[in-house]
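Participant: predicted coordinates and the sequence they were generated for:
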Amino acid sequence: MNELRNERLKPFSQKMRREMTKEERHLWYDFLKGLPVTVHRQKILGSYIADFYIASKKLIVELDGSQHFMDKGVRSDRDRDAWMRENGITVLRYTNLQINREFSAVCEDILKHLGDTSSPPAAELPLKGKPL
């Protein structure tokens, strides 16, 4: 995939990285940052900014707040996900509610999609929230 250098999005991406949501900070500091693969925060891909991108697995992790469930957000996500699929990228979407209430299950699901990365077994994952 040709990752376009979209200089127009760079300041916005940097701002989003500095001002992560509570749920993004939780997932980043309590799980993704410790994975044995490189995880990029607020990565520019074409005309889009992914919350978290794992290039070695062509995997995006998106956290969806309430705006994603309004008509405009649903249409935007559908177009964005189609572009990602066309470029061979898998998009995993989790709601903020899932991060807050089902954190361990979200982490396990991400690990499942990562495959063999020599990650900690599920028993060593943070035990916050209920299973999905």
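Facilitator: Arrived safely. Numbers count the residues shown, from 1 in each chain.
Participant: look up phi and psi at Tyr48.
Facilitator: The phi and psi values for Tyr48, taken as degrees, to the nearest 10, are phi -130, psi 160.
Participant: run a quick neighbour tally on the closest residue in space to it that isn't next to it in sequence.
Facilitator: In space, and not counting its chain neighbours, Tyr48 is closest to Arg80: 5.4 Å by CB to CB, 6 or more residues apart in numbering. Placement of C-beta: from N, CA and C, glycine included. Residue crowding around Arg80 was assessed by other CB atoms under 10 Å; the count is 19.
Participant: which parts of the helix or strand Arg80 falls within are buried?
Facilitator: Element membership of Arg80 [criterion: DSSP states H and E] is helix 71-86. The neighbour-count check on helix 71-86 (16 or more other CB atoms under 10 Å) flags Asp77, Arg80, Asp81, Met84 as buried.
Participant: returning to that earlier point: how close does the residue nearest to Tyr48 get to His113?
Facilitator: Distance, Arg80 to His113, using CB to CB, to the nearest Å: 18 Å.
Participant: cool, and Glu102?
Facilitator: Glu102 sits 16 Å away from His113, going by CB to CB.
Participant: and what of Arg25?
Facilitator: Going from Arg25 to His113 by CB to CB gives 21 Å.
Participant: likewise Arg93?
Facilitator: Distance from Arg93 to His113, counting by CB to CB: 12 Å.
Participant: for Tyr29, same thing?
Facilitator: Going from Tyr29 to His113 by CB to CB gives 20 Å.
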